[in-house]
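**Student:** Sequence first, then the predicted structure, then my questions.
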Amino acid sequence: MTDTAQYDRSQPEGSTEGRTLEKGAPGGRRALGDPATRGRTTIADGVVEKIAGLAARDVVGVHAMGTGLARTFGAVRDRVPGGGRSVTRGVKAEVGEVQAAIDLDIVVDYGVSIVEVARAVRENVIAAVERMTGLEVVEVNVAVGDVKLPDELDEEEREQRVQ
């Protein structure tokens, strides 16, 4: 009776990578290393944008996301059946292999400290994105495009009044 070693024929001869079976190893298999290193995970820009958008909206003092034009079109789109509310409105993300950069356009409520709201948004967005994706967030740029005054109507409220 002869012992034979089996190997993955897709690997070049002499290669130590890939799946090999060696004589004498438990179950006939050689350890392949940490399972977390066997493959690659890619995360789409849109995934990071959704996470960042939800995290930014959770901050007290953030009234809305997006520029005036984007919010106006968004209010119309929200009313169209199947249009749905966009959580990525006002969010742009650039995602690399290990890092991400995020730009946010926000509207703050009147009376809040814009500096404190921007700081809280950065902290919340960075924590959420890094926790959920494992990416390093290198920057979060916050652009405050408007202040919601107490007596102003939202775009959604204006749409509902005029029909």
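**Tutor:** Looks like it arrived, so ask away.
**Student:** What mean pLDDT does stretch 127-139 get?
**Tutor:** Mean pLDDT, stretch 127-139: 98.
**Student:** Over to stretch 93-100?
**Tutor:** Over the span of stretch 93-100, the pLDDT mean works out to 96.
**Student:** Residues in contact with stretch 123-138: which ones?
**Tutor:** 43, 47-48, 51-52, 54-56, 58-59, 95-96, 98-102, 104, 140 (CB atoms under 8 Å, 6 or more residues apart in numbering). The way it works is simple: take the backbone N, C-alpha and C, and place the C-beta from them, glycine included.
**Student:** What's the PyMOL syntax to select whichever of those residues are buried?
**Tutor:** Command for PyMOL that selects the buried part of the contacts of stretch 123-138, burial taken from 16 or more other CB atoms under 10 Å:
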select buried, resi 43+47+48+51+52+54+55+56+59+95+100+101+102+104+140
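**Student:** after the helix or strand hosting residue 53 comes which helix or strand?
**Tutor:** For residue 53, the element it lies in under DSSP states H and E is helix 45-57. The first helix or strand that comes after helix 45-57 along the chain, using DSSP H and E, is strand 62-65.
**Student:** Packing partners of that following strand?
**Tutor:** Here strand 62-65 touches helix 45-57, strand 99-109, strand 136-148, going by 3 or more CB pairs under 8 Å, 6 or more residues apart in numbering; DSSP states H and E.
**Student:** hmm, 10 Å instead?
**Tutor:** helix 45-57, helix 68-79, strand 99-109, helix 114-133, strand 136-148 (3 or more CB pairs under 10 Å, 6 or more residues apart in numbering; DSSP states H and E).
**Student:** Tell me which of the ones you listed sits nearest to residue 91.
**Tutor:** Of all the helices and strands packed on strand 62-65, it is helix 45-57 that lies closest to residue 91, at 4.5 Å by CB to CB.
**Student:** List every C-alpha atom in that closest one, with coordinates, as PDB.
**Tutor:** Extracted C-alpha coordinates of helix 45-57, given in PDB (Å, rounded to 0.1, in the frame of the first residue of the first chain):
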ATOM      1  CA  ASP A  45     -19.800  53.900  -1.800                       C
ATOM      2  CA  GLY A  46     -23.600  53.700  -1.400                       C
ATOM      3  CA  VAL A  47     -23.300  51.500   1.700                       C
ATOM      4  CA  VAL A  48     -21.100  54.000   3.500                       C
ATOM      5  CA  GLU A  49     -23.400  56.800   2.300                       C
ATOM      6  CA  LYS A  50     -26.400  55.100   3.900                       C
ATOM      7  CA  ILE A  51     -24.600  54.500   7.200                       C
ATOM      8  CA  ALA A  52     -23.300  58.100   7.300                       C
ATOM      9  CA  GLY A  53     -26.700  59.600   6.400                       C
ATOM     10  CA  LEU A  54     -28.500  57.700   9.200                       C
ATOM     11  CA  ALA A  55     -25.700  58.500  11.700                       C
ATOM     12  CA  ALA A  56     -25.800  62.200  10.800                       C
ATOM     13  CA  ARG A  57     -29.600  62.400  11.100                       C
END
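**Student:** Fine, thanks again, bye for now.
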